[in-house]
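> The sequence isn't on hand, but the structure is:
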């Protein structure tokens, strides 16, 4: 697609070395020839990202986003700034505030409650300055919000909404910031919407679903205030990883394990083995023997790349507890699959009814990048203020645009009415 902008101003990706931001960059540069600036504090990582995008109109720039002068200099004159630096609860408000001050449009795909609340608090300031700011524009939140907007059109009343995701391990280095987020969402309290009001619940404790810190249950009540319950749930694949992460996350939240030690542990698992996560869990699961883990077993597991046994004890406890609760079997393996699903429960014509919107469950979601790109296009011409996807996007128009880009309808969303 050619650049339809009337200005040569660049699109700037902040946190370009982040693994998730890297995916957005890859999809974006395939769809447009707009000048792209990759900005991050890690120059070596930036060069590696740029090297994978040969022949593109790309430059790199080192920036410390916590240095106000560096950040202002980096984003000055941009057509759009996409904030991808993690963890979002530390970075998003910093970048958003700088964009408002510099009068530069802003977009992020934060999935953190704290940064979402802080960003929404800046709505009037952004509106006054005439700056369009679009937050939560990823998969969940993001695409899931568009599914939610469609559901009330199929029901007379909506009592509850469940927003669900499934993520598969794809191998490789997830990045330290991603692992910090994983520990953050697998232990401790989370803000959700229950009994028609904001409520605090514990993360990652239910059998059927795993509620965690994603902001749909915070932002969607603004659009649907009469819904009794809005819950975000998720699952990791392979299934034993849920218990593994829960064991570590709960330990971090309780203070038994420091965040740095937990993340170092996970990074060492990745870096000291050529195997993917699924293969690593196969080695671990094979030694469960019904939950009978001996010191010798732990010693053998230590050979797979861990320098301390304490994180192993905590992580394995989480996995064993998961098996004992019947949430998965000790030998459970599954193909790599990912997907999004939103379920609305309510009434239609006076009768109970359920409406489901979901993406096809597959190994990859090849058109997610087009969804991001469409959001980027809209952000450059939108209205001033801070907005979530459900505030500005029209689902049918959005999905139709994706089809025009070559994405079949059955690869975008499936509808299930019960």
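That came through fine. The structure displayed is predicted, hence computed values, not measured ones.
> going forward, measure contacts between C-alpha atoms and count neighbours the same way
Fine.
> for the stretch 201-350 of the chain, which spans come out with low pLDDT?
201-213, 237-238, 270-309, 316-317, 319-337 (pLDDT under 70).
> tell me the domain ranges of the protein?
11-138+365-417, 143-324 (automatic domain parsing).
> what's the neighbour count on residue 83?
26 (other C-alpha atoms under 10 Å).
> From residue 31, how far out is it?
Plainly put, residue 83 is 19 Å away from residue 31 if you go by C-alpha to C-alpha, to the nearest Å.
> Which residue ranges of the stretch 51-200 of the chain form strands?
Remark: strands assigned in the stretch 51-200 of the chain by DSSP state E, counting those that start in this stretch are 58-62, 80-83, 106-108, 132-134, 157-168, 189-194, 197-202.
> Does residue 315 touch residue 245 like I think?
Yes - counting by C-alpha atoms under 8 Å, residue 315 does reach residue 245; the two are 6.6 Å apart.
> dump the residue contacts of the residue lying closest to residue 10 once chain neighbours are set aside.
Excluding its sequence neighbours, the residue lying closest to residue 10 (C-alpha to C-alpha, 6 or more residues apart in numbering) is residue 35, at 4.8 Å. Listed by C-alpha atoms under 8 Å, 6 or more residues apart in numbering, the contact set of residue 35 reads 8, 9, 10, 11, 57, 58.
> ok, now residue 352?
345, 346.
> cool, residue 53 as well?
Residue 53 neighbours (C-alpha under 8 Å, 6+ apart): residue 26.
> now it: how far from residue 15?
16 Å.
> Also residue 181?
Distance from residue 181 to residue 15, by C-alpha to C-alpha: 15 Å.
> do the same with residue 80
To residue 15, residue 80 is 14 Å away according to C-alpha to C-alpha.
> measure residue 122 to residue 114 for me?
Residue 122 sits 13 Å away from residue 114, taking C-alpha to C-alpha as the criterion.
> Kindly report the same for residue 399.
Taken as C-alpha to C-alpha, the span from residue 399 to residue 114 is 29 Å.
> And residue 76, by the same measure?
Counting by C-alpha to C-alpha, the gap from residue 76 to residue 114 is 26 Å.
> Over to residue 131?
For residue 131, the distance to residue 114 - C-alpha to C-alpha - is 21 Å.
> neighbour-wise, which of those two wins?
residue 131 (26 against 19).
> ok, the more buried one touching residue 384?
Yes - judged on C-alpha under 8 Å, residue 131 makes contact with residue 384 at a distance of 4.6 Å.
> Pull the number of nearby residues for the closest residue to residue 395 other than its chain neighbours.
Excluding the flanking residues, the one nearest residue 395 by C-alpha to C-alpha, 6+ apart is residue 146, at 5.5 Å. Residue 146 has 23 neighbouring residues, counting by other C-alpha under 10 Å.
> can you check residue 386 too?
Residue 386: 24 neighbours (other C-alpha under 10 Å).
> from memory it sits against residue 129, does it?
No - using C-alpha under 8 Å, residue 386 makes no contact with residue 129, being 11.4 Å away.
> any idea of the angle the helix or strand where residue 355 lies forms with strand 157-168?
Assigned by DSSP states H and E, residue 355 falls within strand 351-358. Inter-element angle recorded for strand 351-358 and strand 157-168: 30 degrees (by axes from the mean of the first three to the mean of the last three C-alpha atoms, to 10 degrees).
> Show me which residues of strand 351-358 are buried.
353, 354, 355, 356, 357, 358 (16 or more other C-alpha atoms under 10 Å).
> just curious, which of those is nearest to residue 162?
residue 356 (9.5 Å; C-alpha to C-alpha).
> The closest residue to that closest one other than its chain neighbours: neighbour count?
Nearest non-adjacent residue to residue 356, counting by C-alpha to C-alpha, 6+ apart: residue 343, 4.4 Å away. Residues lying near residue 343 (other C-alpha under 10 Å) number 19.
> Distance-wise, check residue 343 relative to residue 145.
Relative to residue 145, and taking C-alpha to C-alpha, residue 343 is found at 12 Å.
> for residue 347, same thing?
21 Å.
> what about the two, which has more around it?
residue 145 (25 against 17).
> got the contact list for the more buried one?
216, 220, 389, 390.
> One more pass at 6 Å, please.
residue 390 (C-alpha atoms under 6 Å, 6 or more residues apart in numbering).
> Residue 43 too?
residue 62.
> Number the residues from 58 up from this point.
Sure, I'll start counting at 58 from here, so that last one is residue 100.
> and it, what pLDDT?
For residue 100, the pLDDT comes out at 93.
> For it, give its distance to residue 74.
9 Å.
> same check, this time on residue 470
Relative to residue 74, and taking C-alpha to C-alpha, residue 470 is found at 30 Å.
> what about the stretch 108-257 of the chain, any weak spots by pLDDT?
In the stretch 108-257 of the chain (pLDDT under 70), the answer is 225-232, 244-246, 248.
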